[in-house]
Structure formats: structure tokens, C-alpha cells
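Engineer: Coordinates for the following, if possible.
(one chain, ligands or ions: 1)
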Amino acid sequence: MSKTFYLTTPIYYINAAPHIGHAYTTVAADVLARWKRGRGEPVHFLTGTDEHGLKIEQAAAQSRQPPQRYADEISAQFRALWTHLDVRHDDFIRTTEPRHVGKVQEVFRALIDSGDVYKGHYSGYYCVSDETFWTPTEAPPDHKTGKRLCPNPDCRRELQLVEEDNWFFRLSRYQRPLLEHYAKNPGFLAPEHRGREILAFVKEGLKDLSVSRANVKWGVPVPGEPGQTVYVWFDALLNYLSAVAGKEAFERSWPPDVHIVGKEIYRFHAVIWPAMLMALRLPLPKKVFAHGWWTVDGQKMSKSKGNFVDPREITREFGVDAFRFFLLREMPFGNDGDFSRASLLKRYNADLANDFGNLLSRVVTLIDNNMNGELPSRPDSESDSYPKQVARKTEAIAERMEALDFSGALGIIWGVIGELNERVNSQAPWKLFKSADPAQVEQARRLMFELIWSLRIVTHWIEPFMPQTAAKMLAQIGVRQFPDALTPEQVLAGAEKGMGRIHKGPPLFPRKA
Ligand code: MSP
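Structural biologist: Below is the predicted model of the structure:
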């Protein structure tokens, strides 16, 4: 039994409806999962919702619902959005499910037994919005108001004083082992610049971490101590384990190949989580990747500004695939970027309507008008045939995909699309077809052959990014469906079910204003 490629997104808080930021991570993970499946690798793609803790308890109270009912409602909104966005996850975990709660308690007990979790006294500050503990020195009183504010510059909310007996995780014990792990596994932290921040942070020294709360009701009860609940981050991180806890699933999937997260929760995933796994004597994930953040029209999205971008609003106007494409093309994975309708519109018209959609409709129209809609034959064995050159680019694209450089991969694909357009422009086949010279007509037919078979390769490449477009495109170029795990060589050998003719359809991406 081969090991599955196990990839995850963060599990999202359900204190508010999903927005473009959540869609970003989930679509990126979906693209990677589809890419892997397309190469014949078994995949286990996990996402889900993070449903415990004070922040959720308060959000439920505000909406006047019992926390579980509130959680059911918002969690369902996340699930429905993933369906809408064509996200094909293999599992969706909720931290209120018994399979998860049981695992958290089992782990907590095991770590008490190993001495990694111990009883202590906590005195310090807590940010409910970030669900994060801060020491008095990390969060000094604000010189104007005297209030202690969350040190996270994107939060700055007032902190709560917490004074209580609770349980601690001996994180300090893992400073050395973590540094050794980072040093021995250069691919573990990515991208590099964020890895360097983690390294600097861990080198400063690690303090033990409070991992239970004495006065928070909405959470996983600490085993044997009903007055306490497990700290929501300790609970949440374990989702990656509880989702594959069954013996068979565990053997098939563990360790995770990549956790994809946003940069603001990188420390939890690159420091605390691996330390927890070390304490449990479990193999560590192979990679923890932190991507950047979207702002909207130059501003941070926030409740107070009310500027959350609802993915459904975008897809209503531009379609699901254009949205998926934009998210991954516009900013390099790992960097920050800005979302605006204007930038989406620009990319839509330039990359999708002009470069891509036009290419397809030109080729299909030319064949329809001049070749009676009949598909040009398969590539012959000439080793220098143009579609074969195109197919060879698959390697470079694969390299970008393995590095989670989605915009880089799309850059290569659009380079090919540009080249194909250039071939059409420079040879002007609409003239060649009308020529009385049979050699010119033959040249036009040859070009159509090159374009059609190159477009098949392009369809193969774009499927992970734009699954609906790939399906529509296949139909237009006379292919019913690609079989799974197709290599470019198989595409060129015509391994798919063909329909013998092209089927001209409406434009894939009609221009918009
Ligand atoms: N529940 C925790 C994660 C626990 S994982 C064990 C959490 N949830 S969250 O709802 O706040 O989601 C945070 C994640 O959503 C980010 O890490 C990122 O993946 C995504 N994003 C949320 N806002 C974002 C942007 N503005 N831009 C890009 N991604 C963002 O933290």
C-alpha cells in the first residue's frame, strides 16, 4: 500500500462566515491535491473547522444560540463554500466531533503521564480574538490609556488578565530538538524568509505554554478535571492527527506531507505543533508552508471596516474558475498581495479572455470553417514535433508545483499560451487556408495540428487550477475526458476518449467591463 500525499489547510474559526482569505488557502491546497491526483498519487486532503474556545463561545452568545447549534450552522457554510468552489477535500473535520474530542483527551492524558504536561499557576494576559497568551513584558500597558493591548499589530484588542491554576506543556524542553530538526531538514520550514523568522524566535528560548483554561466552558474537558478545558490551540492542532487516527488511515497517511497555513499562525505550526509531536514520539510533518496575506483595496479586512470579501460575490460576477485562477496567479505563494475588483478584472480580460479564451476560440473556429470540424490526426513520430516540445515543459511546471510556486507554474503555462498565439498571428492561417497553393493549405493544416495537440497539453496543465474550464475546453477540442493519471506522452498518444470532431462552444471567458 503506497503512502498517500497528506495535505492540510488550517481548520477555520467559525466566529464568522468564510471570506476570501479562507478561500485562498483552501483553493491552493485543492490545486496541489488535484495536481498530485493527476499524476497518479493517492492523496488525502483535509480541511475543517475549529469550533471551541472563548471566541466561539462569545460569538455564539452574541447570535443568541447554543454554541453547538451555532457551530453547526457556520461550519456548514464553510463546507458549502468549498463545494461551490469545486474544492475536492477527502475529509472535513470539526473539533466538536467525538473522533476528535476523544483523541485530544487521549493525548492530554499521555502527555501528563510522560511529564510533558504538568500542573502550574498561570498569571498573564490573554487575547480572545487571537486565542493567544501574552506575558506582562510582551504586552506592557499602553502609554496613553494604561490598557494592555494585544501585541499583534493586526489585532491590538484589549487583553484579559488571567490568574489561575492550569496545565502547562513543557515546550522549553523542545528548543534544542526543534533547532536540530530545522537544521537537518532544510525543506521543513518554507518559504525560507519565514523559516528564518522561526529560527530566530526559537533561538531566543522557549517558555512552557499554558494548555488549559480554568474558566472556559466551551472546549474539550481536561480528562479527570471537569472544571478545565483544553486550550483551544492545543485542541485545534491535534485535528491533523485525530483525522487519521484509525490504524489503517494512520499507516496510510502519517506523517503529513505539507501543512499549508497563513503566516500569522506559523509559530503554532512550526514550533508548538512539532514540539507536541516530539513529545508524542510521532514523526513530524515533512513541510510546514506559510503563505502571505491578502489585503483588500489596500486595507486589512476586519469586522470594524466591514470589508470582508465574500467569495460568492466574486464568483457570481466572474465565475468560479476565474476566481481560483486569480487567487493563485496574482501573488506568489508566500508573499502578501492586494485584492481589488479592478485587478481581478484586468487579469480576467488580459489573461483569460484575451490570451487564453481567444486562442481556443480561434483554433476551434479555424478548424470548423476550414477543415469541416474534423480533428487533425495524432502527432507523428518526428522527434522535433512542436506538441512534443510543449509537452516537455511539464517538467518545469512540476518543479514549480512541488515547490508550491503556483504563480510560477501558471507563468510557464501562460508563456506557452503566448507562444501559441504568436504562432497563429505570425502564420495567419486564415489566409493560408484560402490560398490556391496546396503547400500553403498544407502549412495551415499542419499549424492546426500543432495547436490542437498543444492545447490538449495545456488543458491537462490547467485542470488543477480551473477544473470546469478544463472540462469545457476538452469538449471543444473533441475530447470526452482524460483518464486519471495521464502523462503528457499519453495525451499526445491520444489516450483519452476522443469524439473525432471539435465542438465549437461559447467563449470560455467573455470579455467584461
Ligand atoms: N482556527 C485557527 C487555525 C487552527 S489550525 C490548527 C485560525 N482560524 S482562522 O479562521 O482565523 O483562519 C486563519 C487562516 O485563514 C489563515 O492562516 C489563512 O490560511 C487564512 N486567512 C485568513 N485571512 C487571510 C487573509 N487576509 N489572507 C490570506 N489568508 C488568510 O487561525
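
Engineer: residues contacting the residue in the stretch 251-400 of the chain positioned nearest to the ligand?
Structural biologist: Relative to the ligand, the nearest point of the stretch 251-400 of the chain is G262 (2.5 Å; C-beta to the nearest ligand atom). The C-beta positions use only the backbone N, C-alpha and C, and glycine is treated the same way. Neighbouring residues of G262 by C-beta atoms under 8 Å, 6 or more residues apart in numbering: P10, G21, T25, A290, H291, G292, W293.

Engineer: switch to 10 Å and redo it
Structural biologist: When contacts are counted by C-beta atoms under 10 Å, 6 or more residues apart in numbering, G262 touches T9, P10, G21, H22, Y24, T25, H269, A290, H291, G292, W293, W294.

Engineer: Kindly confirm my reading that the first one forms part of a helix.
Structural biologist: Yep, that's T9 we're talking about. No: under DSSP: H, G, I helix; E, B strand; the rest coil, T9 sits outside any helix and is assigned strand.

Engineer: Quick one: residues contacting it.
Structural biologist: Counted by C-beta under 10 Å, 6+ apart, T9 has contacts 22, 24-30, 45-48, 82, 87, 89, 259-262.

Engineer: Pull out the buried residues from these.
Structural biologist: 22, 24-30, 45-48, 82, 87, 89, 259-262 (16 or more other C-beta atoms under 10 Å).

Engineer: pLDDT at the closest residue to the ligand within the stretch 401-513 of the chain, what is it?
Structural biologist: Closest to the ligand within the stretch 401-513 of the chain is L404: 13.3 Å, counting by C-beta to the nearest ligand atom. For L404, the pLDDT comes out at 98.

Engineer: can I assume it sits in a helix?
Structural biologist: No: read with three-state DSSP, L404 is coil and lies in no helix.

Engineer: Could I get the phi/psi values of it?
Structural biologist: phi 60, psi 30 (degrees, to the nearest 10).

Engineer: What is the neighbour count of it?
Structural biologist: The tally of other residues near L404 (other C-beta atoms under 10 Å) stands at 23.

Engineer: Kindly report the same for the one 5 residues further on.
Structural biologist: The number of residues packed near A409 is 27, by other C-beta under 10 Å.

Engineer: Is the residue of the stretch 401-513 of the chain closest to the ligand in contact with L32, as I believe?
Structural biologist: Yes: counting by C-beta atoms under 10 Å, L404 does reach L32; the two are 6.7 Å apart.

Engineer: Overlap of the contact sets of those two?
Structural biologist: In contact with both L404 and L32: L7, V258, I260, F289, F333, using C-beta under 10 Å, 6+ apart.

Engineer: hmm, stretch 280-291 in reach of the ligand?
Structural biologist: No: contact of stretch 280-291 with the ligand (C-beta under 6 Å from any ligand atom) is absent, the minimum separation being 6.7 Å.

Engineer: In that stretch, which residues are buried?
Structural biologist: By 16+ other C-beta under 10 Å, the buried positions in stretch 280-291 come out as L284, P285, K287, V288, F289, A290, H291.

Engineer: Restricted to helices, list those residues.
Structural biologist: Per DSSP state H, helices hold no members of those.

Engineer: which of those lies closest to M276?
Structural biologist: L284 (10.0 Å; C-beta to C-beta).

Engineer: Show me the longest helix that occurs in this structure.
Structural biologist: helix 438-462.

Engineer: What are the buried residues along it?
Structural biologist: Taking 16+ other C-beta under 10 Å as the criterion, helix 438-462 shows 440-441, 443-445, 447-462 as buried.

Engineer: Give the next helix or strand downstream of that helix.
Structural biologist: Per DSSP states H and E, the first helix or strand lying C-terminal to helix 438-462 is helix 467-476.

Engineer: any idea how far the residue of the stretch 401-513 of the chain closest to the ligand is from E395?
Structural biologist: Using C-beta to C-beta, to the nearest Å, we find L404 at a distance of 17 Å from E395.

Engineer: residues in the stretch 101-250 of the chain within reach of the ligand, list them.
Structural biologist: Residues of the stretch 101-250 of the chain lying near the ligand (C-beta under 6 Å from any ligand atom): A236, L237, N239.

Engineer: Apply 5 Å and report the result again.
Structural biologist: Residues of the stretch 101-250 of the chain lying near the ligand by C-beta under 5 Å from any ligand atom: A236, L237.

Engineer: Repeat that for the stretch 251-400 of the chain.
Structural biologist: V261, G262, I265, W293, W294.

Engineer: Could you give the number of residues near the last one?
Structural biologist: For W294, the tally of surrounding residues (other C-beta under 10 Å) stands at 21.

Engineer: One more: the third one?
Structural biologist: Taking other C-beta under 10 Å as the criterion, the count of residues near I265 is 18.

Engineer: ok, now T365?
Structural biologist: 13.

Engineer: Could you do A475 as well?
Structural biologist: 14.

Engineer: ok, it to V320 distance?
Structural biologist: 17 Å.

Engineer: same deal with K388?
Structural biologist: Distance from K388 to V320, counting by C-beta to C-beta: 33 Å.

Engineer: which one in the protein is furthest away from the centre?
Structural biologist: Within the chain, the residue lying farthest from the chain centre (C-alpha atoms, centre = their mean) is A436, at 54.0 Å.

Engineer: quick one: contacts for that residue?
Structural biologist: No contacts exist for A436 under C-beta under 10 Å, 6+ apart.

Engineer: Helix, strand, or coil at it?
Structural biologist: coil.

Engineer: anything in the helix or strand harbouring W35 near the ligand?
Structural biologist: Using DSSP H and E, W35 sits within helix 20-38. Yes: counting by C-beta under 5 Å from any ligand atom, the ligand is contacted by helix 20-38 at G21, H22, Y24, T25.

Engineer: ok, and the closest non-adjacent residue to the first one?
Structural biologist: I take that to be G21. W294 (5.9 Å; C-beta to C-beta, 6 or more residues apart in numbering).

Engineer: What is the neighbour count of the closest residue to R392 other than its chain neighbours?
Structural biologist: Residue nearest to R392 in three dimensions, not counting chain neighbours: P488, with 7.8 Å by C-beta to C-beta, 6+ apart. By the criterion of other C-beta under 10 Å, P488 has 20 neighbours.

Engineer: where does the protein have low pLDDT?
Structural biologist: 1, 378-384, 495, 497-499 (pLDDT under 70).

Engineer: mind giving me the domain ranges of it?
Structural biologist: 5-291, 341-493 (automatic domain parsing).

Engineer: Switch the ones you listed over to JSON lines; also include distance to F308.
Structural biologist: Below are the domains of the chain laid out as JSON lines (distance: least, C-beta to C-beta, whole Å):
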{"stretch": "domain 5-291", "distance to F308": "4"}
{"stretch": "domain 341-493", "distance to F308": "14"}
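
Engineer: In strands, which of the buried residues of stretch 280-291 fall?
Structural biologist: With DSSP state E as the criterion, strands contain V288, F289, A290, H291 from among the buried residues of stretch 280-291.

Engineer: can I get these in JSON lines with distance to G500?
Structural biologist: Supplementary listing: those in JSON lines, determined by distance: C-beta to C-beta, whole Å:
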{"residue": "V288", "distance to G500": "49"}
{"residue": "F289", "distance to G500": "44"}
{"residue": "A290", "distance to G500": "49"}
{"residue": "H291", "distance to G500": "44"}
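
Engineer: if we take the residues you listed, which one ends up nearest to W167?
Structural biologist: Using C-beta to C-beta, these come closest to W167 at V288, 25.0 Å.

Engineer: which helices and strands sit right next to the strand or helix carrying N166?
Structural biologist: Assigned by DSSP H and E, N166 belongs to strand 160-169. The helices and strands touching strand 160-169, judged by 3 or more C-beta pairs under 10 Å, 6 or more residues apart in numbering; DSSP states H and E, are helix 98-113, strand 117-127, strand 209-210, strand 212-213, strand 225-230, helix 273-279.

Engineer: run the last query once more with 6 Å
Structural biologist: strand 117-127, strand 209-210 (3 or more C-beta pairs under 6 Å, 6 or more residues apart in numbering; DSSP states H and E).
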